[in-house]
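J.: fold the stuff below for me.
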Amino acid sequence: MTLPSVTPSEVRTALLLRQEIALLDVRHEAAFATGHPLFAANMAAARIELEAEARLPRKDAPIVIYDDGEGLVRQAADRLTALGYSNVRQLDGGLRGWKSAGYELFQDVNSYAKAFGELVEHRRHTPSLAAEEVSAMIADGANIQILDVRRFDEYATMNIPGSISVPGAELVLRAGRAAPDSETTIIVNCAGRTRSIIGTQSLINAGVTNKVRALRNGTIGWTLAKQNLDHGSNKRGEIGAIAGGEANARDVAYRAGVRHIGFAEMAALQAQADRTLYRFDVRSEEEYTAGHLTGFRHYPGGQLVQEIDMAAPVRGARIVLTDNLKVRADMTASWLAQMGWETCVLGGGYDGTLEIGLPLVIPKPDPSHRYRRPYEGTDIKESAMQAYLDWEYGLVEQLRRDATHGFFVI
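T.: Down below sits the predicted model:
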């Protein structure tokens, strides 16, 4: 049976019009990272049974699959069909067809979130400090607090000396406790650039009175500047919101176009069978495990912004976020909305019966098929780190050439 096809131009039109479409690259992640359309999501053909039902919740959503001539499309289509997906097509000409049409290819993973982060810095002139400047401040005993916005396991692997782990969406909720003195300079770091830019700008957007700066180029920049990293740290930031944090976070979400809904509206969204609906609980894993709203998948807010292509491959779908303390959902939603997602925050529900249990965990790809991020681990070549930074610096111009993103920055 011949698999129906769709042209690159038709895919591009769907993206521009914000129509639902899941553009899936069915190669292994390592191959995907060498080049793909901006809004393509990776779902290797061999992993479809592991990933599809969590990442593609609506079985009749429009799905377009492609490879680069490896012969994986038929296998992927058969697997999707066997799982009940009924609207599967192939990209005419595959990746080569996309290139032949003159359209852009983006390298790496989570590319459009990283490109968005670069656009935020470009538009808002997000302030930053070089590794050498921060190192000198540490040596001088300056009044600073370094907040690491990566996942805790990344922080524990390697971190800036003296830093505290405060994963991205937790910043507005915890920075008031981490830096109670308004004269303290808050320095936000990640491994590279994106999460530190978004984290720094989150605090600025939410009106923190402290001076806030991103550590330019994160632990990569720190390493390239020949500064030492700590290993095995376990300092976690405790809850203590910045002054006015809850109200300010809600205002930031409002300015980004986020809607707040109740359970009646939530039920109405769920009843719309012709739209894909993603539901995410953006709290910590411990909070989620202790009790969560039924039907919500766990995805910490900072990682959700960074990995939205992995979490929600159906571009044009709706997203609903929940958080019993509201702040994290509002700040996360504000960024997703600026990235072009129709995003809502669900209020309430935590005083009723909650589901107890661990989050769904999708196994990582086999190491031989996985793309080795230049910002993870402690044994990456400096040349690879620098090449990665150089690539990120060029993303704003590449977004301009591609012209499908639809991002805005408040």
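
J.: can you pull out the helices in the stretch 301-410 of the chain?
T.: Per DSSP state H, counting those that start in this stretch, the stretch 301-410 of the chain carries helices over the ranges 301-306, 308-311, 327-338, 382-393, 395-402.

J.: which helices and strands sit right next to the fourth one?
T.: In other words, helix 382-393. helix 111-124, helix 218-224 (3 or more C-beta pairs under 8 Å, 6 or more residues apart in numbering; DSSP states H and E). The way it works is simple: take the backbone N, C-alpha and C, and place the C-beta from them, glycine included.

J.: now those helices in JSON lines, with distance to Gln338?
T.: Shown next, in JSON lines, are the helices and strands packed on helix 382-393 (distance: least, C-beta to C-beta, whole Å):
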{"stretch": "helix 111-124", "distance to Gln338": "7"}
{"stretch": "helix 218-224", "distance to Gln338": "21"}
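
J.: from memory Arg195 sits against Glu170, does it?
T.: No: Arg195 is beyond contact range of Glu170, at 11.9 Å (criterion: C-beta atoms under 8 Å).

J.: mutual contacts of the two, please.
T.: Gly302 (C-beta atoms under 8 Å, 6 or more residues apart in numbering).

J.: measure Gln398 to Leu24 for me?
T.: Distance of Gln398 to Leu24, computed by C-beta to C-beta, to the nearest Å: 21 Å.

J.: the more surrounded of these two?
T.: Leu24 (30 against 18; other C-beta atoms under 10 Å).

J.: got the buried residues for the strand or helix carrying Glu246?
T.: When elements are assigned from DSSP states H and E, Glu246 belongs to helix 245-256. Residues of helix 245-256 classed as buried: Gly245, Glu246, Asn248, Ala249, Arg250, Asp251, Val252, Ala253, Ala256 (neighbour count, 16 or more other C-beta atoms under 10 Å).

J.: and the second one, what is it in contact with?
T.: Just to be clear, that refers to Glu246. Glu246 makes contact with Leu325, Lys326, Val327 under the criterion C-beta under 8 Å, 6+ apart.

J.: excluding chain neighbours, what is closest to Ala384?
T.: Using C-beta to C-beta, 6 or more residues apart in numbering and skipping the chain neighbours, the partner closest in space to Ala384 is Pro374 (4.5 Å).

J.: how many residues are close by the one you found?
T.: Counted with other C-beta under 10 Å, residues neighbouring Pro374 total 21.

J.: that one touches Met385, doesn't it?
T.: Yes: with contacts counted by C-beta under 8 Å, Pro374 reaches Met385, the gap being 5.3 Å.

J.: list residues touching both of the two?
T.: Ile220.

J.: what's the span of stretch 397-410 from first residue to last?
T.: 20 Å (C-alpha to C-alpha, to the nearest Å).

J.: for that stretch, which outside residues touch it?
T.: 12, 15-16, 18, 38-39, 103-104, 106, 112, 115-116, 118-120, 123-124, 205, 252, 255-256, 334, 338-340.

J.: same thing but at 6 Å, please
T.: Contact with stretch 397-410 is made by 15-16, 38, 104, 115-116, 119-120, 123, 255-256, 338-340, as judged by C-beta atoms under 6 Å, 6 or more residues apart in numbering.

J.: try stretch 361-369
T.: His28, Glu29, Ala30, Glu51.

J.: and of those, the nearest to Gly232?
T.: Using C-beta to C-beta, Glu29 is the member of those that lies nearest Gly232, at 28.1 Å.

J.: I figured that closest one hits Tyr371, correct?
T.: Yes: Glu29 is in contact with Tyr371 according to C-beta atoms under 6 Å; the separation is 4.8 Å.

J.: next one: Gly97 from Thr294, what distance?
T.: Counting by C-beta to C-beta - Gly97 and Thr294 are separated by 42 Å.

J.: so those two - more neighbours on which side?
T.: Neighbours were counted for Gly97 and for Thr294 using other C-beta under 10 Å; Gly97 has more, 17 against 9.

J.: spatially nearest residue to the more buried one (excluding sequence neighbours)?
T.: Distance criterion C-beta to C-beta, 6+ apart; nearest residue to Gly97, sequence neighbours excluded, is Pro8 at 5.5 Å.

J.: now do the contacts for the one you found.
T.: With C-beta under 6 Å, 6+ apart, Pro8 has these contacts: Gly97, Trp98, Ala101.

J.: mind running it again at 8 Å?
T.: For Pro8, the contacting residues are Leu91, Asp92, Gly93, Gly97, Trp98, Ala101, Tyr103, by C-beta under 8 Å, 6+ apart.

J.: for PyMOL, what selects the buried ones among these?
T.: Buried residues within these, by 16+ other C-beta under 10 Å, are selected in PyMOL with:
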select buried, resi 91+92+93+97+98+103
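
J.: what about the contacts of Pro8, which are in strands?
T.: In this view, the contacts of Pro8 that belong to strands under DSSP state E are Leu91.

J.: and the two most separated of the contacts of Pro8?
T.: The span of these, defined through C-beta to C-beta, is set by Asp92 and Tyr103 at 12.6 Å.

J.: I'd like to know how far Ala82 sits from Leu56.
T.: Distance, Ala82 to Leu56, using C-beta to C-beta: 14 Å.

J.: these two: who's more crowded?
T.: Neighbour count, other C-beta under 10 Å: between Ala82 and Leu56, Leu56 has more, with 23 against 10.

J.: ok, the buried residues of helix 245-256 vs Arg279, which is closest?
T.: Among the buried residues of helix 245-256, and counting by C-beta to C-beta, the member closest to Arg279 is Ala253, at 16.9 Å.

J.: quick revisit: okay if I get the contacts of Pro8 as a markdown table plus distance to Ser233 and pLDDT?
T.: Listed next are these as a markdown table, based on distance: C-beta to C-beta, whole Å; pLDDT from 0 to 100:
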| residue | distance to Ser233 | pLDDT |
| --- | --- | --- |
| Leu91 | 45 | 98 |
| Asp92 | 51 | 98 |
| Gly93 | 49 | 98 |
| Gly97 | 48 | 98 |
| Trp98 | 43 | 98 |
| Ala101 | 48 | 98 |
| Tyr103 | 44 | 98 |
